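Peer 1: predicted model, plus sequence, below.
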Amino acid sequence: MSETSDQSPFEQELDTVHKQYLRQDLEDRLEEVATEMEETMLQAIIAREFLDLEVEVSDEAKGKVREAKGYTDDRDFDNLDDLIDDVEDQVSQEAREVENTIQEERTEERDRVRAMRKLNEHVEAADMGKLKALESLLDDWDWKAHVYTDEAEDSFVAKQNEARDVAATMSTALKQVQEDLLGSYSGTTLEDVMDQLLSDDSLYFNDLNEEERESLTGSSLADYLEIRLS
């Protein structure tokens, strides 16, 4: 008797179950990719509008996600299975590039805000609450807590608007504390001194010119300087 290639009813059931789990696995993986893509795009909005960084998710990555979603919509799981690894790799690479670009800039900005906070402890010119909030955001970079709120709408457009609102709020706060803290020194002999005070480099009294020393004498900044004995 010749062998038959027909599956038994039980084998057919197993095959159906296997395909169902495979489809579910592919859909779950695509959902994770879409979530990572969404978060990367939202983070990029905040980076552009708050940190003035030129970061953007590439059209290639967006195209791959759209292609994968199209296969899901068409229930074409064979092609989705062929594509999903490439989509995951592309989106993860985009996310890393955006995060790496942001990391350096936000660390520098955090150090500057931290320096402003320490300076403000002496001169008490700016809102300390705003300085601490800015420093916390730049340090932890927990932007999701400000975008994914209980009140936030589910649509991606709404989340994009929320990200822009967060960026605008932080930008406004940063401009305000900078104006309060540094505005009175703009155009004066101490403008460069203030910039140095907020940089990573130490500022020594002996490095100042005579005019700068005279301006600092008796000011609230004098005891903030690290004096180097020569």
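Peer 2: Nice, thanks for sending it over.
Peer 1: CA only for contacts and neighbour counts going forward, please
Peer 2: Noted.
Peer 1: so what's Arg112 closest to, chain neighbours aside?
Peer 2: Once flanking residues are discounted, Arg112 sits nearest to Leu198: 5.6 Å by C-alpha to C-alpha, 6 or more residues apart in numbering.
Peer 1: run through this structure and note the low-pLDDT ranges.
Peer 2: For the chain, applying pLDDT under 70 flags the ranges 1-7, 9-18, 152, 200-203, 218-220, 222-230.
Peer 1: ok, now which ones touch Gln176?
Peer 2: Not one residue lies near Gln176 by C-alpha atoms under 8 Å, 6 or more residues apart in numbering.
Peer 1: next secondary structure after the helix or strand containing it?
Peer 2: Element membership for Gln176, per DSSP states H and E: helix 156-182. Per DSSP H and E, helix 156-182 leads on to helix 191-197 as the next helix or strand towards the C-terminus.
Peer 1: what's the first helix or strand after that following helix?
Peer 2: Past helix 191-197, further along toward the C-terminus, the next helix or strand under DSSP H and E is helix 210-216.
Peer 1: re earlier: hang on, the residue nearest to Arg112 packs against Ala115?
Peer 2: Yes. The pair Leu198 / Ala115 is scored as a contact, 5.3 Å apart, by C-alpha atoms under 8 Å.
Peer 1: for Asp74, what are phi and psi?
Peer 2: Main-chain torsions, Asp74, degrees, to the nearest 10: phi -90, psi 0.
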